[in-house]
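> Make a model of this:
(one chain, ligands or ions: 1)
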Amino acid sequence: MQIKDISHGLPFMKMHGLGNDFVVIDSRGREAVTTPALARTVGSRHFGVGFDQLAEIRDGEGSDITLDFWNSDGTRAQACGNATRCVAAYVLGTDGESITIRTVRGLLQARRDGDLISVNMGQPQLDWRDVPLARAVDVEHLPLEGDPVAVGMGNPHCVFFVDDAEAVALTVTGPRIEHNPLFPEQVNVEFAEVRSRDEIRMRVWERGTGVTLACGSGACATAVAAVLRGLTDRRVRMELDGGWLTLDWRDDGVWMTGPTAHVFDGLLPPTVLEA
Ligand SMILES: N[C@H](CCC[C@H](N)C(=O)O)C(=O)O
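I've put the predicted structure just below:
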């Protein structure tokens, strides 16, 4: 798919991890093409292809590949766990075992795990400046109703522990928290119901996108928050609206394991490059 001449159309792949869906553009060997306007145009579910995130693959920088993430509102995301796993599956092909991926957040490692793909999403950021938060507060107990935990996974997350995740009004509470002034770069919002020491049910409102069926970095942040609160062990299974992930907070970072799917290959008209 590494096509250099894109004057007649821009090839893309539609992929998803647990229903968290992506347009993937392989720009290795040429200039990157994504702009905020292109992301918004292609990201519209009415007027474009539609996606939760766009992932653009670029040549590696001391890594096998470099990966940039965009939300459907045209903003950048520093991390996207599910897209990282999908792109890893594509680059690994049938024979590859392990690759390194440069992202804004640093160098990530992904590897095949049977039919699944695992990625090390790195260590969580637990200093308020790194999340980032607007002022010095206890990240384990934010001064917000519901007593949430703030966790950075390259991107910011705010994790609420609730009795019943199904009962949460995601579209009401999500945007309210996303735009709370405590989060200068806005925030992804997770609602987690702890079922046992090794199982969590989680639902998510994503910054710049809205309700999605799953969020990999959000799943990592939720697993970390649950460990910090003493609610679960370091390895948990997590049920999201779109399926299951396994999270394991190890000495070298938070590993996330789950399925990936390639849906179809397509060609965007050259006009998207003028947007
Ligand atoms: N779905 C992604 C996260 C997107 C995060 C994005 N909404 C942001 O602005 O940080 C994941 O699997 O990690």
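> contacts, neighbours, all on C-alpha from now
OK.
> Now for Ala88: which residues touch it?
The contact partners of Ala88, taken as Cα atoms under 8 Å, 6 or more residues apart in numbering, are 99, 110-111, 117.
> got it, and Leu267?
So, once contact is read as Cα under 8 Å, 6+ apart, Leu267 ends up touching 9-12.
> One more: Val211?
Neighbouring residues of Val211 by Cα under 8 Å, 6+ apart: 170-171, 204-205.
> returning to what we had before: now, the contacts of Leu267 that are in helices?
Assigned to helices by DSSP state H, none of the contacts of Leu267 qualify.
> Tell me the one of these nearest the ligand?
Checking the contacts of Leu267 against the ligand by Cα to the nearest ligand atom gives Phe12 as the nearest, at 18.3 Å.
> Tell me the bridge partners for that closest one.
For Phe12, the beta-bridge partners are Gly266 (DSSP bridges).
> Equivalent analysis for the one 10 residues further on, please.
When assigned by DSSP bridges, Phe22 has beta-bridge partners Met15, Gln53.
> Surely it and Leu54 touch.
Yes: using Cα atoms under 8 Å, Phe22 is in contact with Leu54, at 5.4 Å.
> How many residues are close by Thr171?
By other Cα atoms under 10 Å, the residues close to Thr171 number 12.
> a helix runs through it, doesn't it?
Yes: according to DSSP: H, G, I helix; E, B strand; the rest coil, Thr171 belongs to a helix.
> right, and it touches Val204 too?
No: between Thr171 and Val204 there is no contact under Cα under 8 Å: 9.8 Å.
> Quick check: residues of the stretch 51-200 of the chain near the ligand?
Neighbours of the ligand within the stretch 51-200 of the chain, by Cα under 6 Å from any ligand atom: 71, 77, 79-83, 155.
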